[in-house]
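Visitor: Give me coordinates for this.
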Amino acid sequence: MDITARLRALAGAGLLLGLLLFLAGCGSSEAQGGGAVSGSISIEGSSTVQPITQAAAELFRGEYPDARIEVGGAGTSDGFEAFCKGDTEISDASRPIDVADEVPVCEENGVDFIEIPVAYDGISVVVNSHNDWASDITSEELKTIWEPSAEGEITRWSQVRPEWPDNELNVYGPGTESGTYEFFNETIVQNEEETSRQSDVEMSEDDNVLVQGVSGDENALGYFGYSYYENNLDSLDALAVDGVKPTEESIRSGEYLLARPLFIYVSTKALKNNGAVKPFVDFYLSEQNLDRIVNAAKYVTLPSSIEQESRTQWEDRTTGTVFTAEGEPKGGDLETALKQSQ
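Guide: As a prediction, the model looks like this:
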């Protein structure tokens with residue numbers, strides 16, 4: 001399949017126009033550095049990050065058609081499980097790697113990695129576009145809906161806010177292997193088990209399934225990555241959370257409560273043994289490409305300071321995570337920049 005056909009295939013995800021504009025602005029393979037690139041790259045992980053990496057892969061294959069890049073979206077946790085076993089070369093992640101549980105598995109299997117922020121996301125709390133009563137919600141109201149004790153109990157909109165109608169409340173959310181699920185629970189539910197209601201929730205690791213669910217249900221409320229909201233503005237409305245709506249500006253500034261960085265993790269063993277990995281990541285992170293790829297996927301670009309630190313992580317082959325077991329930056333250039341931006 002040629003690059004135009006592949007781009008058409010992505011139209012349903014809302015990427016076609018941005019990618020075509022991006023492709024028009026790219027030069028030939030000689031302009032990108034020249035030379036043939038072949039081989040396979042296996043990428044698994046976050047369905048939130050998947051559109052960004054998929055966009056990069058499609059454009060890279062347009063320049064280097066002999067390269068084969070498979071980008072899965074099984075979820076951040078499943079992605080790290082495969083990555084730390086050495087089964088994949090790159091892992092997409094919507095949260096930092098877990099220092100207590102995932103890093104030791106990588107170490108046991110001799111998998112060193114380079115941690116690279118690529119964009120910002122703002123988890124969007126959405127309703128069906130025919131919902132004419134909810135335009136905002138508080139973090140406390142979200143907790144009321146999503147804490148484990150809400151299962152089978154908080155089932156009507158009026159139970160959340162008395163002035164809302166006594167309609168059924170149908171909730172949709174990511175599966176338990178999703179980094180989005182984990183981040184939302186940590187930020188909103190804030191219980192020690194880091195879980196939320198599940199038994200009466202329509203759950204999926206595939207954000208497109210959640211989009212379809214909320215789009216077809218006037219009584220729905222759900223949450224997922226910003227790109228999936230932006231690509232479905234005709235059928236979804238995003239609620240302001242604690243008075244702030246998810247926008248590029250509020251996400252990049254950290255004013256929006258559910259803003260977070262997105263990452264790729266690159267195996268140094270794969271970098272050494274697979275000749276396609278370096279040119280692909282070089283292409284992905286280059287100054288002329290990264291912002292265009294992120295914009296095409298409808299996420300939020302990094303501030304220039306963080307973007308440069310991100311490239312430095314890659315160019316210097318800096319291994320390991322910059323985050324603590326609590327998910328907080330440890331300190332240093334990239335870590336400080338990430339923390340200050342939020």
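
Visitor: in a helix, that's where residue 142 is, yeah?
Guide: Yes - according to DSSP: H, G, I helix; E, B strand; the rest coil, residue 142 belongs to a helix.

Visitor: Can you read off the pLDDT for it?
Guide: On the pLDDT scale, residue 142 is placed at 98.

Visitor: now swap in the one 3 residues further on and tell me
Guide: At residue 145 the predicted local distance difference test score is 98.

Visitor: repeat for residue 58
Guide: You'll see residue 58 listed with a pLDDT of 94.

Visitor: Point out where the stretch 1-150 of the chain drops to low pLDDT.
Guide: The stretch 1-150 of the chain contains residues with pLDDT under 70 at 1-35.

Visitor: Okay, strands next: where are they in it?
Guide: 39-45, 67-71, 90-93, 113-122, 124-128, 136-137 (DSSP state E, counting those that start in this stretch).

Visitor: would you turn those strands into JSON lines with distance to residue 280?
Guide: Yep, even glycine has a C-beta here, placed from its N, CA and C like the rest. Converted to JSON lines, the strands of the stretch 1-150 of the chain look like this (distance: least, C-beta to C-beta, whole Å):
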{"stretch": "strand 39-45", "distance to residue 280": "6"}
{"stretch": "strand 67-71", "distance to residue 280": "7"}
{"stretch": "strand 90-93", "distance to residue 280": "8"}
{"stretch": "strand 113-122", "distance to residue 280": "12"}
{"stretch": "strand 124-128", "distance to residue 280": "29"}
{"stretch": "strand 136-137", "distance to residue 280": "40"}
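
Visitor: Can you tell me which of those strands is most buried?
Guide: The highest average neighbour count among the strands of the stretch 1-150 of the chain, using mean count of other C-beta atoms under 10 Å, belongs to strand 90-93 at a mean of 30.

Visitor: Spell out which strands sit alongside that strand in the sheet and which way each one runs.
Guide: When pairing is defined by DSSP bridges, strand 90-93 lines up against strand 39-45 (parallel), strand 259-267 (antiparallel).

Visitor: Those: which one's closest to residue 193?
Guide: Distance to residue 193, taken as C-beta to C-beta, is lowest for strand 259-267 among the strands paired with strand 90-93, at 20.6 Å.

Visitor: buried set for the next helix or strand after that closest one?
Guide: Once the chain leaves strand 259-267, the next helix or strand it forms, by DSSP states H and E, is helix 268-273. Residues 269, 270, 271 are the ones in helix 268-273 that count as buried (16 or more other C-beta atoms under 10 Å).

Visitor: now stretch 94-106
Guide: Within stretch 94-106, judged by 16+ other C-beta under 10 Å, the buried ones are 94, 95, 96, 97, 98, 102, 103, 105, 106.

Visitor: Okay, domains of the chain per the record?
Guide: 3-120+260-341, 124-245 (automatic domain parsing).

Visitor: export those to TSV and tack on distance to residue 251?
Guide: Shown next, in TSV, are the domains of the chain (distance: least, C-beta to C-beta, whole Å):
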stretch	distance to residue 251
domain 3-120+260-341	5
domain 124-245	7
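
Visitor: Can you say which of the ones you listed is nearest to residue 254?
Guide: Of the domains of the chain, nearest to residue 254 by C-beta to C-beta is domain 3-120+260-341, at 6.0 Å.

Visitor: any idea how far that closest one is from the chain center?
Guide: Taking C-alpha atoms, centre = their mean, to the nearest Å, one finds the center of domain 3-120+260-341 at 11 Å from the center of the full chain.

Visitor: same deal with stretch 219-235?
Guide: Centroid separation for stretch 219-235 versus its chain: 14 Å, with C-alpha atoms, centre = their mean.

Visitor: quick one, helices of the stretch 51-200 of the chain?
Guide: With helices called from DSSP state H, counting those that start in this stretch, the stretch 51-200 of the chain shows them at 76-84, 102-108, 139-146, 157-160, 179-184.

Visitor: Let's have the strands paired with strand 90-93 in a markdown table, adding distance to residue 146.
Guide: Shown next, in a markdown table, are those (distance: least, C-beta to C-beta, whole Å):
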| stretch | distance to residue 146 |
| --- | --- |
| strand 39-45 | 23 |
| strand 259-267 | 17 |
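
Visitor: Quick check: which of the ones you listed is nearest to residue 204?
Guide: Closest among those, once you apply C-beta to C-beta, is strand 39-45, at 15.7 Å.

Visitor: ok and that closest one relative to helix 76-84, angle-wise?
Guide: Put simply, strand 39-45 runs at 140 degrees to helix 76-84, going by axes from the mean of the first three to the mean of the last three C-alpha atoms, to 10 degrees.
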